[in-house]
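Engineer: I need the structure of the sequence given here:
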Amino acid sequence: QVQLVESGGGLVQAGGSLRLSCAASGRTFSNYGMGWSRQAPGKERELVAAISWSAGSTYYTDSVKGRFTISRDVAKNTVYLQMNSLKPEDTAVYYCAARRGFSLTLEYDYWGQGTQVTVSS
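Structural biologist: Residues are numbered from 1 along each chain as shown. Model prediction:
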């Protein structure tokens, strides 16, 4: 059974930083891309960042470019999202996801349960 477990969310002041982690288990994730998406109240879910299996390819939505960094540790089956210079508009539930290949859409095979990130002004 595949499991993606996020951690690292919380409450932070604007301008602060958080590091989200997502531990994957239950299968071999060779050739699987990973992504982080978020959903704020009343808004549609959006893909925030994605990374290919080799980490040779990454994607960031425009609003987080230069502030967020996605990375992965293949040996640990873990993907990270370093979030700096956080803004109140970054407040959302953040979800980790996995799929074969590399996708810039929300079409992922596996999803985590989500972790809340709240940025106060």
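Engineer: list the residues that contact the residue most central in space within the chain.
Structural biologist: When Cα atoms, centre = their mean is applied to the chain, the residue found nearest the centroid is residue 36 (2.3 Å). Contacts for residue 36 (Cβ atoms under 8 Å, 6 or more residues apart in numbering) come out as 20, 22, 47-50, 70, 79, 81, 94-97. In this view, the C-beta of every residue, glycine as well, is placed from N, C-alpha and C.
Engineer: quick one, strands of this protein?
Structural biologist: Under the criterion DSSP state E, the chain contains strands at 3-7, 10-13, 18-25, 32-39, 46-51, 58-60, 68-73, 78-83, 92-100, 110-111, 115-120.
Engineer: reformat those strands as CSV; add mean pLDDT.
Structural biologist: What follows is the strands of the chain, written out as CSV (pLDDT from 0 to 100):
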stretch, mean pLDDT
strand 3-7, 96
strand 10-13, 98
strand 18-25, 96
strand 32-39, 96
strand 46-51, 97
strand 58-60, 97
strand 68-73, 96
strand 78-83, 97
strand 92-100, 96
strand 110-111, 96
strand 115-120, 98
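Engineer: picking up where we left off before, closest to residue 112 out of the contacts of residue 36?
Structural biologist: residue 96 (4.1 Å; Cβ to Cβ).
Engineer: wait, isn't that closest one in contact with residue 8?
Structural biologist: No. Contact criterion Cβ atoms under 8 Å: residue 96 and residue 8 do not qualify, at 10.4 Å.
Engineer: quick one on the thing from earlier: bridged to the residue nearest to the centre of the chain, which residues?
Structural biologist: Beta-bridge pairing for residue 36 (DSSP bridges): residue 49, residue 96.
Engineer: over to residue 24?
Structural biologist: Taking DSSP bridges, one obtains residue 4 as the residues bridged to residue 24.
Engineer: can you count the residues close to it?
Structural biologist: Neighbour count for residue 24, taken as other Cβ atoms under 10 Å: 23.
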